[in-house]
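Novice: Turn this into a model:
(chains A and B)
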Number of protein chains: 2
Amino acid sequence: MQKQLLIIIAGLLLGLSTTLAAAAEAITSAEIIRQAELIRDQALQESEAYAIVEELTMLVGPRPAGSAGDKAAVVWAEEMLRSLGLANVHTEAVTVPHWDRGSLAVQTISPYPQLLTATSLGGSIGTAERGLQAPVVRVADVKELAAIRGDELANKIVFIDKHMERRQDGGDYESTVAGRGCGPMLAEQRGALATVIRSVGTSEHRVPHTGSMSVGGNVAGIPAVALSNADADILAYQLQRNEPVTLSIFSSARSLPEEQSANVIGDIVGTDKADEIVILGAHLDSWDQGTGAIDDGAGVAIISAAAKLILDSGIKPRRTIRFVLFANEEFGLSGARAYAKAHETTIDKHVVGMEADFGAGAVWNFSSQVDESRLSLVQRIAKVLQPLDIKYGNNEASGGADISPLRAAGMPILDFVQDGTHYFDYHHTPDDTLDKIDRQALNQNVAVYAAAAFIAANSNEDFGRLTIKKPDHWSCDALTNK
Amino acid sequence: MQKQLLIIIAGLLLGLSTTLAAAAEAITSAEIIRQAELIRDQALQESEAYAIVEELTMLVGPRPAGSAGDKAAVVWAEEMLRSLGLANVHTEAVTVPHWDRGSLAVQTISPYPQLLTATSLGGSIGTAERGLQAPVVRVADVKELAAIRGDELANKIVFIDKHMERRQDGGDYESTVAGRGCGPMLAEQRGALATVIRSVGTSEHRVPHTGSMSVGGNVAGIPAVALSNADADILAYQLQRNEPVTLSIFSSARSLPEEQSANVIGDIVGTDKADEIVILGAHLDSWDQGTGAIDDGAGVAIISAAAKLILDSGIKPRRTIRFVLFANEEFGLSGARAYAKAHETTIDKHVVGMEADFGAGAVWNFSSQVDESRLSLVQRIAKVLQPLDIKYGNNEASGGADISPLRAAGMPILDFVQDGTHYFDYHHTPDDTLDKIDRQALNQNVAVYAAAAFIAANSNEDFGRLTIKKPDHWSCDALTNK
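Specialist: As a prediction, the model looks like this:
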């Protein structure tokens, strides 16, 4: 019954689309909204998103930059975008770093021996074959570490014991992740032999959260690992007893020669404004511990399924809608930089960008960063999203990492904020697997991206340009100089 | 304020107890119940249980039979029972098997290479240094495996893909665990090279459930591993595509020479019926993956904290209450057998047994297996437990594993059934850590065991004897012969 109804609707759309395609420039504002609503409602019923992320996680699995999985993902993604019917499907080469975590053993050796569940941080170096053993010094957070001026950390292992709080907007990530990003460097500058952090994450299970750390500056890098929350509890409990706790770390993490990866790109080619580009982005790489379902298989699936629904509507958009699956977001944004460089001459033709890289939770907030004079267009989109329980926030969105170089060059952005209550339970852990994805919430995301992209690509007006500014460069030194 | 009140109550009890101890046999039924209720309510306010399981998990951690952790646990437990003020605290030697899981790597190697999160089953053997590679054959459950009569499993890896359902009473464990216990043996008998099972557990996280498998019979043992649910999903998905899936397994699991461990025992010595024993049991050993919080640190804490509360009441019970922390429950019940043997001549003096080995969830059901003529005593206990939302079930309880040899010899049992909704999320996984324990639910358990033991040790009547029967011997061959 429901299936028959869909066939009838599809038939109607097909008939309709022939007419519309022939006179794309004549599409009225009201008609754009009506079509966007149809696409939105179709997505809510069903989309290809779940099948896409299922295939990516079950067949390709982990795909960290430079790995065999990374290369397999590129092959898979090109084939996938092609099978959806996108035009100009191709790859653009990206040189990526290749870090390998090797194996790791972390244990308290005295006074209470216990093996701890840990994972090396991306960019950390290995230990000698016999590992390293040293007393542990605990700091509450990276600020406490940065404030240390004496030599009390010399030849010690620093333990950064900052808990990350669970919030819907994931808002405690910023203040916690500095411990991962800068902690190892600050510890090394103070003579520490290694850094151990409480995972930057909210998981209540025995899974440590990996992620990249800053290397460079005046230091060579040190072994650095994250403990699961349960294991950080063990270490903290042992330290509370006021007896010196000695930890042993063995790690064979290492950096390998750079590898070739690729951004994978496909278009829905526009009609009368084909040179103007509405860009939708997600990243194809993942960390190595999980299968990259939440981060960012979901994003790949959301924008790809949105492409399929727009194609299936049969209506050719006036502007080109481009779908970019970026290489290596996790370990230095290589794909984002390569895209901005390769498309330098047409950057000002990227009229708006949207990125999906915050998991598979339902969208609950929509913010923008567009020219103030174009907020009426944003409001038209907001009205189409309103029935999905999405509120408009403000015009101060910061957007995703992969489209940040384009934004810095003046491209407006639309930011669809997903429910992040559980995002940091899985983020960068072995637990980032397909079963964490709710199919209905995933389809709600597809509805959002498809409807917004459709409106953006068809409306007469655009979003203007942003004042060009330099990309945010954030430095660990700022912590010390504060 | 609350603390002061407790001191006053303690003082009152102390005064009261001097009188009562002098005339223990004169304690009336009404007085027993009133005291049991006081003990119960004190436990609900606070007990030593959380601090006990905290110390055990944070300082000793994993303690599988024969390991260094096992020996450390025995030392810790003896000291702990002594510090509570128990009498006759001592250890009784138990010879235990010593199996070591070594390291493990499981991966699909074709057509879609992916590393899988797995754990070796207790008793499984290792592979050759280069591992073993073979095509996978899936069976839905152990019955399907047992029904195979041909040679289709020769030189294959068998995948037993039985899902365990979540239930409050943990009732799907029985039908699922046969796959772990018997699957490897049945597979080996049919010529398989190795067995892979979907974990016997309900965890929705990337943690595989270990546990012991049957070895012996006409087979030598084969490598056998459990996949986490998410990883079993990956393997099942790949197999559904109707292409042969080849798996690679490397394991260095092995059996080492037997080791010495011990049952750790302490008493509250009775007065006029001191030779009659009310026995409370839990097991001190744990699996090696977690820190043994739920299984069975919680049980150790519950019965030990119950002991402390009964001691703190200042009332000497008429019968002896014995607290036994059994060695090696997980890998063959060595401690249970050793206790029954060492106390062979006084087995008929064990008037009732209670075992805590189903985690830390609140008790919701109370069943018994006692002489039918003594159900009025059971009902008196049930009435004291009723305010804790505990319903009496029936007189068909089967009791725990560690007291099963005593039950087989005729000892009645009381069975306090905990909420097991989440027990099999953590059971035998790395995720069995302290943070999974709810302090309030733990104290509710202490209230139950303390009150019940107090009544059992003080009442004029006892629970009679059960018809002596042989312990249940369950054989994997039964599956084939069905």
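
Novice: Run through the residues of the stretch 151-300 of chain A sitting next to chain B.
Specialist: A:Glu204, A:His205, A:Arg206, A:Val207, A:Asn229, A:Ala230, A:Asp233, A:Ile234, A:Tyr237, A:Gln238, A:Gly290, A:Thr291 (Cβ under 8 Å from any Cβ of the partner chain). Yep, even glycine has a C-beta here, placed from its N, CA and C like the rest.

Novice: let's see 7 Å
Specialist: For the stretch 151-300 of chain A, the residues found near chain B under the criterion Cβ under 7 Å from any Cβ of the partner chain are A:Glu204, A:His205, A:Arg206, A:Val207, A:Ala230, A:Asp233, A:Ile234, A:Tyr237, A:Gln238.

Novice: and the residue most central in space within chain A, what helix or strand is that in?
Specialist: Centrality entry for chain A: nearest residue to the mean C-alpha point is A:Asp357, 3.5 Å, by Cα atoms, centre = their mean. Here A:Asp357, judged by DSSP states H and E, is contained in no helix and no strand.

Novice: if we can go back for a sec, can you flag which of the residues of the stretch 151-300 of chain A next to chain B belong to helices?
Specialist: A:Ala230, A:Asp233, A:Ile234, A:Tyr237, A:Gln238 (DSSP state H).

Novice: What is the nearest of the residues you listed to B:Cys182?
Specialist: For B:Cys182, the nearest member of those is A:Ala230. The distance, counting by Cβ to Cβ, is 32.4 Å.

Novice: Got the domain ranges for chain A?
Specialist: Residue ranges for the domains of chain A, per automatic domain parsing: A:15-99+A:258-458, A:102-252.

Novice: before we move on, back to that, tell me the most packed of the residues of the stretch 151-300 of chain A next to chain B, by neighbour count.
Specialist: When neighbours are counted by other Cβ atoms under 10 Å in any protein chain shown, A:Val207 leads these with 29 neighbours.

Novice: Find the nearest non-adjacent residue to that residue, please.
Specialist: What sits nearest to A:Val207 in space, not counting adjacent residues and going by Cβ to Cβ, 6 or more residues apart in numbering or on different chains, is A:Thr429, at 4.0 Å.

Novice: and the one you found, how many residues sit next to it?
Specialist: Neighbours of A:Thr429 using other Cβ under 10 Å come to 29.

Novice: Repeat that for A:Ser83.
Specialist: With other Cβ under 10 Å as criterion, A:Ser83 counts 13.

Novice: any idea which element it lies in?
Specialist: Going by DSSP H and E, A:Ser83 is in helix A:68-84.

Novice: Which of the residues in stretch A:218-234 are classified as buried?
Specialist: Residues of stretch A:218-234 classed as buried: A:221-234 (neighbour count, 16 or more other Cβ atoms under 10 Å in any protein chain shown).

Novice: Go through the residues you listed and name the one nearest chain B.
Specialist: A:Ala230 (4.1 Å; Cβ to the nearest Cβ).

Novice: ok, for the closest one, nearest residue in space, not its chain neighbours?
Specialist: B:Thr433 (4.1 Å).

Novice: mind listing what that neighbour touches?
Specialist: B:Thr433 makes contacts with A:Arg206, A:Ala230, B:Thr57, B:Gly290, B:Thr291, B:Ala293, as judged by Cβ atoms under 7 Å, 6 or more residues apart in numbering or on different chains.

Novice: Just the pLDDT at it, thanks.
Specialist: The model reports B:Thr433 with a pLDDT of 98.

Novice: Could you do the one 4 residues further on as well?
Specialist: On the pLDDT scale, B:Ile437 is placed at 98.

Novice: what do you get for the one 4 residues further on?
Specialist: Per-residue confidence at B:Ala441 stands at 98 (pLDDT).

Novice: State the helix or strand in which it lies.
Specialist: Short version: B:Ala441 belongs to helix B:439-458, going by DSSP H and E.

Novice: Pull out the buried positions in that helix.
Specialist: Applying 16+ other Cβ under 10 Å to helix B:439-458 flags B:441-458 as buried.

Novice: Contacts only, for A:Ser110.
Specialist: Counted by Cβ under 7 Å, 6+ apart, A:Ser110 has contacts A:Thr246.

Novice: Quick one: name whatever helix or strand follows the helix holding A:Ser83.
Specialist: strand A:87-100.

Novice: Determine how far that following strand lies from the middle of the whole chain.
Specialist: 16 Å (Cα atoms, centre = their mean, to the nearest Å).

Novice: which stretches of the stretch 51-200 of chain A form strands?
Specialist: Taking DSSP state E, counting those that start in this stretch, the strands of the stretch 51-200 of chain A run over residues A:87-100, A:104-110, A:114-116, A:118-120, A:132-139, A:157-160, A:194-198.

Novice: about what we covered before: what about the residue nearest to A:Ala230, distance to A:Leu309?
Specialist: 44 Å (Cβ to Cβ, to the nearest Å).

Novice: give the contact list for A:Val278.
Specialist: A:Val278 touches A:Arg319, A:Ile321, A:Val351, A:Val352, A:Ala453, A:Ala456, A:Ala457, counting by Cβ under 7 Å, 6+ apart.
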